[in-house]
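# Give the three-dimensional model of this entry:
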Amino acid sequence: MSAKAEHYDVIRKPIITEKSTMASENGAVVFEVSIDAAKPQIKDAVEALFGVKVKAVNTTITKGKVKRFRGNLGKRKDVKKAYVTLEEGNTIDVTTGL
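Below you'll find the predicted structure:
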C-alpha cells in the first residue's frame, strides 16, 4: 500500500461544528481519525496531505452511545477526534473538498 493511502486511512474526515470553528480561529483544525491512530501518525499524515507544519496534536475518544434501532438495542461506534494545532502562518481550508 502506498504512503498516501496510509495517510488517508489515518485521517477519515474533517469535523465542521460550532466548536471546531471556534478552534480554527486559534489555528487549530479538527479531524475524525482512526481509533488506533497515534499522535505522531496523525501529525505525519496532516503534514504530508496538506503541506503544513503541525505544532501540536491533541486527541479525544468519544464512546458510542447505546441507542434503539427498530426496537433493538444497538451501539454507535466509538469516535476519535484529533485537534491539530498548526504553526503560525499555516492554514487548512476544510470547507473545500480534499
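# Please tell me how far the spatially most central residue of the chain sits from Val52.
Residue closest to the average C-alpha location in the chain (Cα atoms, centre = their mean): Phe31, at 1.7 Å. Distance from Phe31 to Val52, counting by Cβ to Cβ, to the nearest Å: 13 Å. (Glycine included, C-beta is placed from N, CA and C.)
# What of Glu18?
23 Å.
# Also Arg12?
18 Å.
# which of Glu18 and Val52 has more neighbours?
Val52 (17 against 6; other Cβ atoms under 10 Å).
# Can you classify that one as helix, strand or coil?
coil (DSSP: H, G, I helix; E, B strand; the rest coil).
# What residues does the residue of the chain most remote from its centre make contact with?
In the chain, the residue that sits farthest from the middle, by Cα atoms, centre = their mean, is Gly71; the gap is 32.3 Å. With contact set as Cβ atoms under 8 Å, 6 or more residues apart in numbering, Gly71 has no partners.
# helices or strands next to the helix or strand bottoming out on mean pLDDT in the chain in the packing?
Within the chain, judged by mean pLDDT, DSSP states H and E, the helix or strand with the poorest mean is helix 3-10; its value is a mean of 82. Applying 3 or more Cβ pairs under 8 Å, 6 or more residues apart in numbering; DSSP states H and E, one finds that helix 3-10 makes contact with helix 39-50.
# Going by contacts, tell me the helices and strands next to the helix it packs on.
helix 3-10, strand 11-14, strand 28-33, strand 54-62, strand 79-86.
# quick one: which of the ones you listed is nearest Lys39?
Nearest to Lys39 among those is strand 54-62 (4.5 Å), distances taken as Cβ to Cβ.
# Take the closest one, keep the C-alpha atoms, and write them as CSV.
Provided in CSV are the C-alpha atoms of strand 54-62 (Å, rounded to 0.1, in the frame of the first residue of the first chain):
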residue,chain,number,x,y,z
VAL,A,54,2.0,20.9,12.8
LYS,A,55,2.7,22.4,16.2
ALA,A,56,0.7,20.0,18.4
VAL,A,57,-1.9,17.2,18.3
ASN,A,58,-4.5,16.6,21.0
THR,A,59,-6.9,13.7,20.8
THR,A,60,-10.2,12.7,22.4
ILE,A,61,-12.1,9.4,22.2
THR,A,62,-15.9,9.7,22.4
